[in-house]
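A.B. asks: Sharing a model that was predicted from the sequence below.
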Amino acid sequence: MPKGYVQCRACAHYCAIPKGGAGKCGVRRNLRGRLYLVTYGKAAAVHLDPVEKKPLYHFHPGEGILSVGTVGCNLFCAFCQNWPISQFREFQVSPEGLPDRFVGEDWPPERLVAEAEALGVRLLAYTYNEPAVFVEYAHDTARLAKARGLKNVFVTSGFETQEAWDYMRPYLDAANVDLKGFTERFYREICGARLKPVLESLEYLLGLGVWVEVTTLLLEGYNDGEEELRAMARFLKGLSPEIPWHLTAAHPDYRMLHLKPTGHATLVRAYEIAKEEGLRFVYVGNVLDEERSSTRCPDCGRLLLWRRGFRVKAFWETPGVCPGCGRRIPGVWA
């Protein structure tokens, strides 16, 4: 761009970054007129999780998933539960903009894939902070993982650009997308972003054939109004009535320490609204509710996958097929 600026195309902010400067995420920087990801290969968190924790309920249930994240995020959610890493922007930099200290341990793509294989898991998740901001690191890891027979998952705000999705598409198997609310005001004031790019990402991902599940963290008094919940449910049903929607409880954190923990009654009400609007697979999370976190056949009501916390037990002989009526349940089961 003119005057030495570079434009980042990883997320829908499309930051124009001056020499020595950084995008809104803090980690994508203009060094001497070129765009660099300064957290490449530097993981701030690497953990073996159950896939249900992402949360993904229709994608390899009961399996482990090696999860990796860096510092930095392109959103500024006031309620963020991973804020010590996502909101980290305290790099010490030289006059050229080059950080003179890095945050995180050395986890190059080759080491991450080798670790997954050593642990005996076949799933990798790019999560904890927003994978859009470390998309080159995720891309190179996912490409290597795919070549070794592993599968890749984004846990994301959905604020990526179409260019970023196209870059990841050959190697991306599933995504859990946060639909944080359903008003531009909520996204602007609480998250520092916009709603429209998230809706576009959901439509685009489904069109690409990526397995998609959606999560909404319910903040009482902010995004849990009946009209807003019905609007979200109708939008999701328009994408597919079979898209899994996770309605999860929030707790006070980061800049919303005044927040009231989400009550179980609020989750149940949202669950019932989603069902009334025609969504077939709705789940509540971050609370103990076996009935509303388990999977039943939407046709005959038979229990197919029982869940208690992150424990899961299957009640079918053929994964993805209801033994009661033969209905095929959407998902990736093998």
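C.D. replies: Cool, the structure landed.
A.B. asks: So, low pLDDT: which residues of this protein?
C.D. replies: By pLDDT under 70, the low-scoring segments of the chain are 90-102.
A.B. asks: State the phi and psi torsions of the nearest residue to His60 once chain neighbours are set aside.
C.D. replies: Nearest non-adjacent residue to His60, counting by C-beta to C-beta, 6 or more residues apart in numbering: Val51, 5.6 Å away. Heads up, the C-betas are built off the backbone N, CA and C, glycines and all. Main-chain torsions, Val51, degrees, to the nearest 10: phi -60, psi -30.
A.B. asks: Do you have the helices of the stretch 1-150 of the chain handy? List them.
C.D. replies: Under the criterion DSSP state H, counting those that start in this stretch, the stretch 1-150 of the chain contains helices at 83-86, 109-119, 135-147.
A.B. asks: Can you add distance to Ala175 and mean neighbour count and give these back as TSV?
C.D. replies: Converted to TSV, these look like this (distance: least, C-beta to C-beta, whole Å; neighbours: other C-beta atoms under 10 Å):
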stretch	distance to Ala175	mean neighbour count
helix 83-86	18	18
helix 109-119	18	16
helix 135-147	12	21
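A.B. asks: In TSV: these, plus distance to Ala10.
C.D. replies: TSV is the format used below for these (distance: least, C-beta to C-beta, whole Å):
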stretch	distance to Ala10
helix 83-86	15
helix 109-119	18
helix 135-147	5
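A.B. asks: before we move on, back to that, mind checking how far the residue nearest to His60 is from Arg32?
C.D. replies: With the distance defined as C-beta to C-beta, to the nearest Å, Val51 ends up 41 Å from Arg32.
A.B. asks: Give me the more crowded residue out of these two.
C.D. replies: Set Val51 next to Arg32 and count neighbours by other C-beta atoms under 10 Å: Val51 wins out with 24 against 11.
A.B. asks: show me the contacts for the more buried one.
C.D. replies: Contacts for Val51 (C-beta atoms under 8 Å, 6 or more residues apart in numbering) come out as 59-65, 123, 125, 153.
A.B. asks: host element of the residue positioned nearest the centre of the chain?
C.D. replies: Among the residues of the chain, the one closest to the centroid is Val155, at 2.1 Å (C-alpha atoms, centre = their mean). Using DSSP states H and E, Val155 maps to strand 151-156.
A.B. asks: Which one of the helices of the stretch 1-150 of the chain lies nearest to Arg308?
C.D. replies: helix 109-119 (23.7 Å; C-beta to C-beta).
A.B. asks: Check the offset of the closest one from the chain's centre.
C.D. replies: Its chain's C-alpha centre and that of helix 109-119 lie 21 Å apart, by C-alpha atoms, centre = their mean, to the nearest Å.
A.B. asks: Check stretch 298-313 too.
C.D. replies: Distance of stretch 298-313 from the chain centroid (C-alpha atoms, centre = their mean) equals 23 Å.
A.B. asks: can you start the count at 9 instead of 1 from here on
C.D. replies: That works, and once the first residue is 9, the last one we named lands at stretch 306-321.
A.B. asks: Alpha carbons of it, as CSV, please.
C.D. replies: The C-alpha trace of stretch 306-321 is given here as CSV (Å, rounded to 0.1, in the frame of the first residue of the first chain):
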residue,chain,number,x,y,z
PRO,A,306,-35.2,-36.0,16.2
ASP,A,307,-37.6,-38.4,14.6
CYS,A,308,-38.2,-41.1,17.2
GLY,A,309,-36.6,-39.5,20.3
ARG,A,310,-34.3,-42.4,21.0
LEU,A,311,-31.2,-41.7,23.1
LEU,A,312,-28.1,-41.9,20.8
LEU,A,313,-25.3,-40.2,22.6
TRP,A,314,-25.4,-39.7,26.4
ARG,A,315,-23.3,-37.0,27.9
ARG,A,316,-22.4,-36.0,31.4
GLY,A,317,-19.8,-33.2,31.4
PHE,A,318,-17.2,-34.4,28.9
ARG,A,319,-18.1,-38.1,29.3
VAL,A,320,-19.9,-39.6,26.4
LYS,A,321,-21.5,-43.0,25.8
